[in-house]
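>>> Below are the sequence and a predicted model; questions follow.
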Amino acid sequence: MTNNKTVLDWLKEMTDMCKPSSVIWIDGSEAQLEELRAEAVSTGEMIKLNEEKLPGCYYHRTAENDVARVEDRTFICTPTEEEAGPINNWMAPDKMYAKLRALYDGSMVGRTMYVIPYSMGPVGSPFSKIGIELTDSIYVVLNMAIMTRIGKAVIDELGDNPDFVKCLHAKKDVNPDERYIVQFPQDSTIWSINSAYGGNVLLGKKCFALRIASYLGKNEGWMAEHMLILGLENPQGEVKYISAAFPSACGKTNLAMLIPPEYLREKGYKVWTVGDDIAWLRIGPDGRLYAINPEAGFFGVAPGTSEKTNFNALESTKKNTIFTNVAINNDDMTVWWEGLDKNPPKNATEWTGKQVDGTTYEGNLAHPNSRFTAPAINCPCISKEFENPDGVPISAIVFGGRRAKTAPLVYQARDWEHGVFVGATMASETTAAATGAVGVVRRDPMAMKPFVGYNMADYFGHWLEMGKKMDADKAPKIFHVNWFRKSDDGKFLWPGFGDNMRVLLWILDRCEGKADAVESPIGLLPTVDDIDTTGLDISKEELQELLSVDKKVWLEDVENQKEYFAQFGDRLPAEIKKQLEILEANLSK
Ligand code: GTP
Ligand code: SPV
Ligand code: MN
């Protein structure tokens, strides 16, 4: 498929090491993908779902020990430990290469290696970057075909260029003790072994589009962020774009596909989805910040997705979708998960493969991190700018997390520098998207804790630098939201989902200087009258509670922030230290 010498030399080195019995280039044609689907069905790797109800849809079940990203087995192998920084796992590149070579050696004997040329971003866009993933998993090939632009057009675009990200994945025996997800940023190389799950193996996603890309972005003056991108259209037909960074399983896909409350729909408000997980951002010729979604599909959390909570996501999964670790309704070969509806199938296959009566079953039929892989073009509200090679101009950047207490429903940063501090002090309760305990509050700056490809302190510095390159009136305004605040009896105080639109409207009005705000120790807050509650069953007192800032709780958080920042030592930018002092002084007044 190519005469690119760098590609061919690398492919030879990798095949010499992995020793596959055959090598197949993925050309991106429907005929080839259809052959692979048939093969995966014949071996049991995938199950064909009901062709009438779910045309072109397949089911896949992973090993029970392989259901989420593995942060403790994910490494950033920069030449020095200092470059990877204190929050990444690190090993010297030579040592890691040697260790992994021994594991990859002969790992594909008797197996086929697939060569997937792929583009992150529309082929040929100035934002886009090319990768090639070598994998012995058909599941990976078929997922990459949904999540990225693949095939001959991409290898043609690369031509003789030696500049591509070299990605190697071997399923091996899915042994969790020898599972490694390793990034070598200086070599634009990703090696993944002993997993077959999502973010561990679809190497274009977190490994490339965030870890490697954040490193490239720092060197080349752009940003790779764990952000959704949405367009909000007002009744006059003007569309403004917002990007938002929330940690894994904290509501990006939901917000990106939001359906406005009825009274706003009647007025003519609409939301358009550009992306649901990753944004690549560059300063455009007019000095504004532009974003593209480098992906071509959604790898979304299934549980909790319903006609009511996220109609557009559900619609996106009705054809040509791969479901992973959800439950099967054996009667009609459709899928089910917790929160889809109140009618679990009686005759069900649980995600582990166990046959159960779903109506009497206790526990989860679907894994809490079960996922759908759906083509973005299936989405009823996909933006017409989705393929725009120049991206969309961003008016507001929103940070957010799951915080039962502390963070109010919404507040605005005073300026870019304060906004970077707001992002840097993000914290959130952990979710099922990664292995480990769920519900523990941890600091997760810009939702990038698991995804930053270099020293987090330098990453804060890069954010500050980007701000300096934009005039204050052109830079996006920065906000923080929390949909997950709870009352003392443990109930969510905010209805969330479509009603989050009410908060987005305040945000955009702030960007246009149309809405009021009041000063608070942590930033600019709306008053209860600034958030439109038309048709909502929420009292002024409840809204007041949602917008309240408890100084005592915040001062405790400041102590935690200090401890967190201390680990970066002298590398922490002075601006962050200054903002921390301002916050503490404001809270102590
Ligand atoms: P990743 O794909 O892991 O990056 O996750 P994500 O950030 O896209 O999260 P997603 O939108 O899939 O939501 C994760 C979970 O949060 C789902 O169970 C949702 O039902 C729930 N959720 C999303 N938005 C809201 C909200 O506004 N309020 C509440 N209470 N729950 C929400
Ligand atoms: C996340 O965990 O943030 C995801 C899913 O989007 S994964 O692809 O596994 O990273
Ligand atoms: Mn994500």
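Okay, I see it. Ligands and ions are numbered 1, 2, ... in the order given.

>>> List the contacts of the helix or strand encompassing Leu232.
Leu232 belongs to strand 227-233 when assigned by DSSP states H and E. Strand 227-233 has contacts (Cβ atoms under 8 Å, 6 or more residues apart in numbering) with 239-246, 252-253, 255-256, 258, 268-279, 291-293, 383, 385, 392, 394, 397, 447, 501, 504-505, 508. C-betas here are computed from N, CA, C, even on glycine.

>>> Now intersect those residues with the helices, please.
252-253, 255-256, 501, 504-505, 508 (DSSP state H).

>>> And these, which is closest to Gly56?
Nearest to Gly56 among the ones in helices among the contacts of strand 227-233, counting by Cβ to Cβ, is Thr253 at 20.7 Å.

>>> What about the closest one, how many residues nearby?
Residues near Thr253, counting by other Cβ atoms under 10 Å, number 24.

>>> ditto for Lys267
Residues near Lys267, counting by other Cβ under 10 Å: 10.

>>> before we move on, what about the one 3 residues further on?
Other residues near Lys270 come to 17 when the count uses other Cβ under 10 Å.

>>> and the stretch 151-300 of the chain, which residues reach ligand 1?
With Cβ under 6 Å from any ligand atom as the criterion, the stretch 151-300 of the chain meets ligand 1 at residues 246, 248-254, 276-277, 300.

>>> and with 5 Å instead?
246, 248-254 (Cβ under 5 Å from any ligand atom).

>>> What of the chain?
246, 248-254, 301, 304, 433, 483, 492, 496-497.

>>> Serialize the ones in helices among the contacts of strand 227-233 to TSV and add fields for pLDDT and distance to Arg442.
Formatted as TSV, the ones in helices among the contacts of strand 227-233 follow (pLDDT from 0 to 100; distance: Cβ to Cβ, whole Å):
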residue	pLDDT	distance to Arg442
Lys252	98	18
Thr253	98	21
Leu255	98	21
Ala256	98	24
Met501	98	29
Leu504	98	26
Leu505	98	31
Leu508	98	30
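
>>> From those, pick the one nearest Ala407.
Checking these against Ala407 by Cβ to Cβ gives Leu255 as the nearest, at 15.9 Å.

>>> Test my guess that that closest one contacts Asn500.
Yes: in this structure, Leu255 is within contact of Asn500 by Cβ atoms under 8 Å, at 5.9 Å.

>>> Who has more neighbours out of these two?
Leu255 (28 against 25).

>>> Report the contact partners of that one.
228, 230, 244, 246, 500 are the contacts of Leu255 under Cβ under 8 Å, 6+ apart.

>>> Bridged to the second one, which residues?
The residues listed as beta-bridge partners of Leu230 by DSSP bridges are Ile242, Thr273.

>>> ok, how many other residues are close to it?
Leu230 has 26 nearby residues by other Cβ under 10 Å.

>>> what's the pLDDT at it?
At Leu230, the pLDDT value in this model is 98.

>>> go on, Lys405?
89.

>>> Assess the claim that it and Trp554 are in contact.
No: applying Cβ under 8 Å as the test, Lys405 and Trp554 come out as separate, 9.8 Å apart.

>>> ok, the two, which is more surrounded?
Trp554 (20 against 14).

>>> Doesn't that one lie inside a strand?
No: checked against DSSP: H, G, I helix; E, B strand; the rest coil, Trp554 lies outside a strand; its state is helix.

>>> for the residue lying closest to it once chain neighbours are set aside, what are its contacts?
Nearest residue to Trp554, sequence neighbours excluded (Cβ to Cβ, 6 or more residues apart in numbering): Leu587, at 5.3 Å. By Cβ under 8 Å, 6+ apart, the residues touching Leu587 are 521-522, 551, 554-555, 558.

>>> could I get the residues you listed as a markdown table with distance to ligand 2?
Formatted as a markdown table, these follow (distance: Cβ to the nearest ligand atom, whole Å):
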| residue | distance to ligand 2 |
| --- | --- |
| Pro521 | 31 |
| Ile522 | 26 |
| Lys551 | 33 |
| Trp554 | 27 |
| Leu555 | 31 |
| Val558 | 28 |
